[in-house]
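In: Got a predicted structure plus its sequence, pasted below:
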Protein chains: 2
Amino acid sequence: MIANTPKAPYYAVIFSNVRTQIKEGYEEMAEAMVELVQKQEGYLGHESVRDGLGITISYWDSLESIKMWKQVQEHSVAQKYGREKWYSAYKTRICRVERDYGFGL
Amino acid sequence: MIANTPKAPYYAVIFSNVRTQIKEGYEEMAEAMVELVQKQEGYLGHESVRDGLGITISYWDSLESIKMWKQVQEHSVAQKYGREKWYSAYKTRICRVERDYGFGL
C-alpha cells in the first residue's frame, strides 16, 4: 500500500486527475500500465488512490528514468487516450524527494 | 479538487497513510487541520483522497514554511494523536516540485 522506497533523495511523479464518464478501455489500460511500469529501469514503487479525485504517485531513482518511462511507446499511447477520452483534467508534478520519515511501516 | 499551484519550483509534502479502526475524534481533527493549514504562511493548496490508502498532499512556497507548519501547536497535538490512535502506518515525504504540466485545469 505505502511504497517501500529507499533512503532519500529519490524522485516522485505526482499525477492528480479527474476522470470523464467514459469507461471504455480505461481499466484495461490502467492495469496494463501498472504491469508495464514495474518493469521500467529505475522504478521504485507506486501508490494510487481514487475517490472522485485520483492521485497516483510513482517513485523513481532519477529524472532520466522518469523521462524514459514517459517515452515508452505503450505509455505514450495511454497518455494520448487519457487526454482524448479518460481525463477531464490532470496535473503531473515532477518532484525530488528531499527527505522522508514514517511510522509503522 | 486539483490544487491550483503557481509556477514551479515549489514544495510538496506527500502524506501517505493507513488508518486504524479508531474513529473517535478523527473527523473533527481532520476538519480542524484543513481549516488551520489554509491560514499558514506559505501554504499554496492541498489535495486529499482516501480509499483504504489515504494520500494527502499539501503544497508550500518553501521548506521553511513546511517546518513552521509542522511545529504549530495544534498540529503537533494532531500528529501525536495520529501516531497513538488514528494511523497504523504513515510515510511523510518532503519534496521539491521541479516542474509540472497539466491539461483541462
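Out: Now that the structure is in, tell me what you want to look at. Note that the coordinates shown come from a computational prediction; the quantities given were computed from them, not determined experimentally.
In: need the strands for chain A, in chain order.
Out: For chain A, the strands defined by DSSP state E occupy A:10-19, A:43-51, A:53-60, A:87-103.
In: Switch the ones you listed over to a markdown table; also include mean pLDDT and mean neighbour count.
Out: C-beta coordinates here come from the backbone N, C-alpha and C atoms, glycine included. Conversion of these to a markdown table gives the following (pLDDT from 0 to 100; neighbours: other C-beta atoms under 10 Å in any protein chain shown):
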| stretch | mean pLDDT | mean neighbour count |
| --- | --- | --- |
| strand A:10-19 | 98 | 21 |
| strand A:43-51 | 97 | 17 |
| strand A:53-60 | 98 | 23 |
| strand A:87-103 | 97 | 18 |
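In: looking at the ones you listed, which is closest to A:Asn4?
Out: Nearest of those to A:Asn4, taken as C-beta to C-beta: strand A:43-51 at 6.1 Å.
In: Contacts for the closest one, please.
Out: Contacts to strand A:43-51, defined as C-beta atoms under 8 Å, 6 or more residues apart in numbering or on different chains, come from residues A:1-6, A:10, A:19, A:34, A:37, A:54-61, A:65, A:69, B:16, B:49-55.
In: on that earlier part again, and the strands of chain A as a markdown table, adding distance to B:Gly45?
Out: Putting these into a markdown table (distance: least, C-beta to C-beta, whole Å) gives the following:
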| stretch | distance to B:Gly45 |
| --- | --- |
| strand A:10-19 | 11 |
| strand A:43-51 | 18 |
| strand A:53-60 | 13 |
| strand A:87-103 | 11 |
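In: Minimum distance to B:Gly42: which of those strands has it?
Out: strand A:87-103 (15.9 Å).
In: quick check: angle from that closest one to strand A:53-60?
Out: Angle between the axes of strand A:87-103 and strand A:53-60 is 60 degrees (criterion: axes from the mean of the first three to the mean of the last three C-alpha atoms, to 10 degrees).
In: from the chain's centre, how far out does strand A:87-103 sit?
Out: Between the centre of strand A:87-103 and the centre of its host chain there is 9 Å, according to C-alpha atoms, centre = their mean, to the nearest Å.
In: Partner strands of that strand, with direction?
Out: Strand A:87-103 has its sheet partners listed here by DSSP bridges as strand A:10-19 (antiparallel), strand B:87-103 (antiparallel).
In: quick one, which of those strands is nearest to A:Met29?
Out: Closest among the strands paired with strand A:87-103, using C-beta to C-beta: strand A:10-19, at 12.3 Å.
In: which residues does A:Glu98 contact?
Out: Counting by C-beta under 8 Å, 6+ apart, A:Glu98 has contacts A:Ala8, A:Pro9, B:Leu63, B:Ile94, B:Cys95, B:Arg96.
In: can you put those in JSON lines and add distance to B:Tyr81?
Out: Formatted as JSON lines, the contacts of A:Glu98 follow (distance: C-beta to C-beta, whole Å):
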{"residue": "A:Ala8", "distance to B:Tyr81": "26"}
{"residue": "A:Pro9", "distance to B:Tyr81": "30"}
{"residue": "B:Leu63", "distance to B:Tyr81": "25"}
{"residue": "B:Ile94", "distance to B:Tyr81": "21"}
{"residue": "B:Cys95", "distance to B:Tyr81": "25"}
{"residue": "B:Arg96", "distance to B:Tyr81": "29"}
